[in-house]
Each structure stands twice: as C-alpha cells, then as structure tokens.
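K.L.:
with the sequence up front, the predicted model follows.
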Amino acid sequence: MAWWLNKLWTVYFNSLASRFNGRLRDMISSENHMKFILHFFVLVIAIYVLPYIFPGIHVATFVTALIVGAVLGFINITIKPILRIITLPINIITLGLFSFVLNGLFLWFIAKWITGFKI
C-alpha cells in the first residue's frame, strides 16, 4: 500500500475512533443518567395521572404505574424505532398522525399484559 494511502487511512481511522470514544463518554456521563431518570419519573407520573383525566383508564397502584412506565419505556426504546421504519409510508401519508395509533397500540398491549392497568 502506498505510504500516503496508509497515512490517509490512519488519520480517518483515528478520527472515527475519537468520535466514537466521545459519544461513548457522553453516553456514560452522569448527566445522561439523570436525564433518563427524570424522563422515567415524568412518564410514571403521567401514567398515574391518566385515570383522573380520562375516565376509561384505570391504574390500580403507584407500583403498577412504575411497572407500566418501565415496560412502556422498554418498548419505546426497542420496538418503536423498528415499527417507525416499517410504518414510514403510512406515517408520511397521514402526516405523522399514525404515530398516535402506534402509541395507542402500545398502551393497549401493555393493558392486556399487566394486571392493574386497564384501558
């Protein structure tokens, strides 16, 4: 391999490695942990307050709201990005309103799976 091509590859690889290390360092930082915990508790409080706003929803206890929040957070992190890509054409046609349908389906699935949370 030519020396200039080797040098170019080394500079490019080091640039990628430094970007990855920076992102990894940012993901591990305590600021992101606090943001995650804050988002989780806001989600749990929102789930706990839902029955007072909508009469068709029932949450038995605060522990049930914690469990629903954890499951909904897990689904939002793992399954939702995949389904957003799959349903992208429908989402474009409906100008983003199909996202509400997906969120409703997630809540319906969780209500069927967890006792103490009913819709």
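P.N.:
All right, it came through fine.

K.L.:
and Thr115, that one's in a helix?
P.N.:
No. Read with DSSP: H, G, I helix; E, B strand; the rest coil, Thr115 is coil and lies in no helix.

K.L.:
can you pull out the strands in the protein?
P.N.:
With strands called from DSSP state E, the chain shows them at 58-59, 117-118.

K.L.:
in CSV, list these along with mean neighbour count.
P.N.:
To be clear about C-beta, it is placed using only N, CA and C from the backbone, and glycine gets the same treatment. As requested, the strands of the chain are exported to CSV (neighbours: other CB atoms under 10 Å):
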stretch, mean neighbour count
strand 58-59, 17
strand 117-118, 18
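
K.L.:
between these, which one is nearest to Thr94?
P.N.:
Closest to Thr94 of the strands of the chain is strand 117-118 (CB to CB; 27.5 Å).

K.L.:
helices or strands next to that closest one in the packing?
P.N.:
Secondary-structure packing of strand 117-118 (3 or more CB pairs under 8 Å, 6 or more residues apart in numbering; DSSP states H and E): strand 58-59, helix 62-86, helix 98-113.

K.L.:
can I get those in a markdown table including distance to Ile37 and mean pLDDT?
P.N.:
Putting these into a markdown table (distance: least, CB to CB, whole Å; pLDDT from 0 to 100) gives the following:
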| stretch | distance to Ile37 | mean pLDDT |
| --- | --- | --- |
| strand 58-59 | 21 | 93 |
| helix 62-86 | 11 | 90 |
| helix 98-113 | 21 | 93 |
